[in-house]
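S.K.: Quick one, structure for this:
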Amino acid sequence: MKTEIIHSLTTTFEGHAQKTESGIEFWLARDIQHLLGYTKWDNFLNVVSKAKTACAGSAHPLADHFADVGKTIQMPKGAEKDVPDIMLTRYACYLIAQNGDPKKQEIAFAQTYFAIQTRRAELIEQRLLETERLVARKKLTLTEKELSAVIYEQTGGNQDFASIRSKGDQALFVFGKSTQAMKAQWQVPDARPLADFAPTILLKAKDFAAEITIFNSREHQLASESAIAGEHITNNDAVRRTLLERGSARNRCPRQRMSKRSNVALRPKTKNPSRSLIRWNLKRHAKKITRQTTHPEIRRNPAPRAIDAQEHSDR
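M.R.: Now for the predicted structure:
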């Protein structure tokens, strides 16, 4: 297929896309009919019927992708006529193209076009979900750091933080499973924290319970490990019961792995992220860095210092 034809068809398909008031993208079947080279509506309906069968077989709700609507068309002498039409999602258009006549040039183009566009939309959705989980994980890390600080402020030490958090986890998980039991269930490596494999809803549940504990510990001046632990257990248990009432069973949630590369985004940024690069260049070229260098960090510290490795997230 010639390049100019591909560009023309791409522009035509995108030009017929519409959006609902809520921003949902759709096409009308009578527009797609002509774009795919079908002159008769009845012949096109046969293809739509096959597409609906394929949609039902893929466990996608049919009504979410094929919505029957009406359309008014102009008739001779100024008359109007209401005709049936169908609102189609991008996925529905993809299925129609896959079930069309491949001998038609338009169908051959649409099969590739909608396959690529559908996959692209899936990747975008996946990236958005991963981003949401990363944000939730980072928020939990910050909240638990604040909880550790509150424990130190209220009790004079934070050596009990791990114990308090573990008791809260046990109250949050269904059937009172401990952190170690959940790590075993999700096959989490010993060196990785459970939160790196927890689904987004569990991360947000842990964060919410910890936020309540922080507030109440300060509000009621809880000054002992047992008091704060009791408060944390109560809050996690309340969150657990709320989620169960709303139909969420966290012990049956599939684990979701957060890669170490993704986890880097959760670590606090250093004041000078280029230090490691400077040290690498020093080792490679064995050059002496003088005070005249333009880098502000080197002006303050002529000799490069070793930086302690960042502590891994608490298990």
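
S.K.: Please name every helix or strand in contact with the host helix or strand of residue 143.
M.R.: Taking DSSP states H and E as the definition, one finds residue 143 inside helix 105-155. Helices and strands touching helix 105-155, by 3 or more Cβ pairs under 8 Å, 6 or more residues apart in numbering; DSSP states H and E, are helix 3-15, helix 90-98, helix 161-172, helix 200-219, helix 225-245, helix 260-264. C-beta coordinates here come from the backbone N, C-alpha and C atoms, glycine included.

S.K.: where among those helices is the average confidence lowest?
M.R.: Per-stretch mean pLDDT for the helices and strands packed on helix 105-155 is lowest at helix 260-264 (a mean of 48).

S.K.: Can you report how many residues lie near the residue nearest to residue 140 when sequence neighbours are not counted?
M.R.: Nearest-residue entry for residue 140: residue 207, 4.5 Å, with adjacent residues in sequence omitted and distances by Cβ to Cβ, 6 or more residues apart in numbering. By other Cβ atoms under 10 Å, 20 other residues sit near residue 207.

S.K.: same question, residue 101
M.R.: 13.

S.K.: What residues does the residue nearest to residue 140 make contact with?
M.R.: By Cβ atoms under 8 Å, 6 or more residues apart in numbering, the contact set of residue 207 is 136, 139, 140, 143.

S.K.: what would these look like in CSV with neighbour count and distance to residue 203?
M.R.: Listed next are those as CSV, based on neighbours: other Cβ atoms under 10 Å; distance: Cβ to Cβ, whole Å:
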residue, neighbour count, distance to residue 203
136, 21, 4
139, 17, 8
140, 24, 5
143, 18, 10
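
S.K.: okay, those in a markdown table with distance to residue 221 next?
M.R.: Below are the contacts of residue 207 laid out as a markdown table (distance: Cβ to Cβ, whole Å):
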| residue | distance to residue 221 |
| --- | --- |
| 136 | 30 |
| 139 | 26 |
| 140 | 25 |
| 143 | 20 |
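
S.K.: For those residues, work out which two are farthest apart.
M.R.: Spatially, the most separated pair among the contacts of residue 207 is 136 and 143, at 10.4 Å (Cβ to Cβ).

S.K.: Might one say that residue 113 is in contact with residue 13?
M.R.: Yes. Shown here, residue 113 and residue 13 form a contact pair, counting by Cβ atoms under 8 Å, at 6.4 Å.

S.K.: the more surrounded of the two?
M.R.: Counted by other Cβ under 10 Å, residue 113 and residue 13 do not tie: residue 13 has more neighbours, with 22 against 19.

S.K.: contacting residues around that one?
M.R.: Counting by Cβ under 8 Å, 6+ apart, residue 13 has contacts 35, 110, 113.

S.K.: Point out where this protein drops to low pLDDT.
M.R.: Within the chain, the ranges that satisfy pLDDT under 70 run 1-10, 117-118, 121-122, 124, 174-176, 248-315.

S.K.: can you do 50?
M.R.: Applying pLDDT under 50 to the chain flags the ranges 1, 250-251, 261-275, 277-278, 280, 282-315.

S.K.: Let me know the secondary structure of the residue of it positioned farthest from its centre.
M.R.: Using Cα atoms, centre = their mean, the residue of the chain lying farthest from its centre is residue 77. It sits 54.4 Å away. For residue 77, the assignment made with DSSP: H, G, I helix; E, B strand; the rest coil gives helix.

S.K.: what do you get for the one 5 residues further on?
M.R.: Using three-state DSSP as the criterion, the local structure at residue 82 reads strand.
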